[in-house]
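Peer 1: pasting a predicted model and its sequence here:
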Amino acid sequence: MQKHLCSLIAVALLTSVSYSAAQLVVHDFVEVGNPNNQADLTGYGAVGYSFKISKHETTVDQYSKFLNAVATIDYYNLYNTSMASGAIIQNGVSNNRSYSAVVGYSKKPISYVSWFDAARYCNWLHNGAGAGANTETGAYTLNGANSGIIMKNTDARFWIPTENEWYKAAYFDSIAGGYWRYATQSNTIGDSQANLGWSGGNPFTDVGYFSAYASAYGTYDQSGNASEWNDAVIGINARGARGGAFFGGAPDPTVRDTSYFYNREGGELGFRVASVPEPSSLSLLALGGVVVALRRRR
């Protein structure tokens, strides 16, 4: 019994290490704590658990690595030809594709992605983010689907944030409680704090460009730059999106963005990723204590 438990702990730790080593992309996550916080007056933002969310929107570089790993034959139309104008160039023939980021655009947010593209990206991360990693099961059970309402699985390691998770990471004041109006720890906002205005050319700034204007948890660009998918179900064929975008001025946190059919691939529409929280150092110490205790009892 003792030997079996020690083996399980060792396997868990080794699995964690090898999983990280296998990844082709690495997301920089921040932890969103303060579990069981109250909702905003809008009704959004209450989350009963801790979780992680990516500090930045998913970038052109990260998505191009995803495509190179799983879309040499693009079975699920993960690449949109509109990406070629300011994101990713597709090379090769239909049964042997490769992808490269447009020079100067690798750190900008990816756009022209559907909710299903984002879900497949999360499955890829869930399954190790390596070459050929499965895109059809894991975080979401898709099995070829490009329609219908599909919710994340309970054991998902990575997922499209729920609307409440996204809202909390953007607006919650983690120190004083309550909510800011914008994802910059501010109740006012302008072009010097977020990408809200487009004057031609590629509309996006590099992720994290407004380095002095993070949310309370340390995320960037949740007000402006790309609008972002979330996991909300809106009707029978649409999913949620929030964050405004590079046009139209400051986003209104009291309302959702509108009209996002789940297969829409808009030039303003990207996503970020949520994940499970890291084990606390206390948990790791406790784990070590269990191993030591078991050894002493032999």
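Peer 2: Perfect, I can see it now.
Peer 1: residue ranges in the stretch 51-200 of the chain under the pLDDT threshold?
Peer 2: 198-200 (pLDDT under 70).
Peer 1: if we go to 80?
Peer 2: Low-confidence segments of the stretch 51-200 of the chain, defined by pLDDT under 80: 197-200.
Peer 1: which parts of it are strands?
Peer 2: Here the stretch 51-200 of the chain has its strands, by DSSP state E, counting those that start in this stretch, at 51-54, 88-93, 96-101, 158-159.
Peer 1: hey, C-alpha coordinates of the second one in PDB?
Peer 2: Below are the C-alpha coordinates for strand 88-93, written out as PDB (Å, rounded to 0.1, in the frame of the first residue of the first chain):
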ATOM      1  CA  ILE A  88       0.300  33.800 -40.700                       C
ATOM      2  CA  ILE A  89       1.300  32.700 -44.100                       C
ATOM      3  CA  GLN A  90       0.300  29.200 -45.300                       C
ATOM      4  CA  ASN A  91       2.900  27.400 -47.400                       C
ATOM      5  CA  GLY A  92       3.100  24.100 -49.300                       C
ATOM      6  CA  VAL A  93       0.400  21.900 -50.900                       C
END
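Peer 1: can you name the residues that contact the closest residue in space to residue 111 that isn't next to it in sequence?
Peer 2: Computed as CB to CB, 6 or more residues apart in numbering, the closest residue to residue 111 that is not its neighbour in sequence is residue 270, at 4.9 Å. Heads up, the C-betas are built off the backbone N, CA and C, glycines and all. With contacts defined as CB atoms under 8 Å, 6 or more residues apart in numbering, residue 270 is in contact with 57, 58, 109, 110, 111, 113, 226, 227, 228, 229.
Peer 1: swap in residue 115?
Peer 2: Residue 115 sits next to 160, 229, 239, 260, 262, 263 when contact means CB under 8 Å, 6+ apart.
Peer 1: now, of the residues you listed, which are buried?
Peer 2: Among the contacts of residue 115, those classed as buried by 16 or more other CB atoms under 10 Å are 160, 229, 239, 260, 262.
Peer 1: so the last one makes contact with residue 236?
Peer 2: Think residue 262. No: with contacts counted by CB atoms under 8 Å, residue 262 stays clear of residue 236, the gap being 10.0 Å.
Peer 1: intersection of neighbour lists for these two?
Peer 2: The contact sets of residue 262 and residue 236 overlap at residue 149 (CB under 8 Å, 6+ apart).
Peer 1: re earlier: for residue 123, find the nearest of the strands of the stretch 51-200 of the chain.
Peer 2: The closest of those to residue 123 is strand 158-159. By CB to CB, the value is 8.2 Å.
Peer 1: who touches that closest one?
Peer 2: 122, 125, 126, 139, 140, 152, 231, 273, 274, 275.
Peer 1: sheet-wise, list the partners of that strand with their directions.
Peer 2: Partners of strand 158-159 in the sheet, by DSSP bridges, are strand 274-275 (antiparallel).
Peer 1: got the buried residues for stretch 64-81?
Peer 2: Going by neighbour count (16+ other CB under 10 Å), the buried part of stretch 64-81 is 64-72, 76, 78-80.
Peer 1: same question for stretch 266-277.
Peer 2: Residues of stretch 266-277 classed as buried: 266, 267, 268, 269, 270, 271, 272, 273, 274, 275 (neighbour count, 16+ other CB under 10 Å).
Peer 1: before we move on, back to that, looking at the buried ones among the contacts of residue 115, which gets the smallest pLDDT?
Peer 2: pLDDT across those is lowest for residue 260, at 80.
Peer 1: so what's that residue up against?
Peer 2: 115, 229, 234, 238, 239, 240, 241, 266, 269.
Peer 1: number of residues surrounding residue 237?
Peer 2: Residue 237 has 13 neighbours, counted by other CB atoms under 10 Å.
Peer 1: that one contacts residue 146, doesn't it?
Peer 2: No: at 11.6 Å, residue 237 does not count as touching residue 146 under the criterion of CB under 8 Å.
Peer 1: ok, what's across the strand from the nearest residue to residue 273 once chain neighbours are set aside?
Peer 2: Distances taken as CB to CB, 6+ apart place residue 54 nearest to residue 273, at 4.7 Å, with adjacent residues excluded. Taking DSSP bridges as the rule, residue 54 bridges to residue 29.
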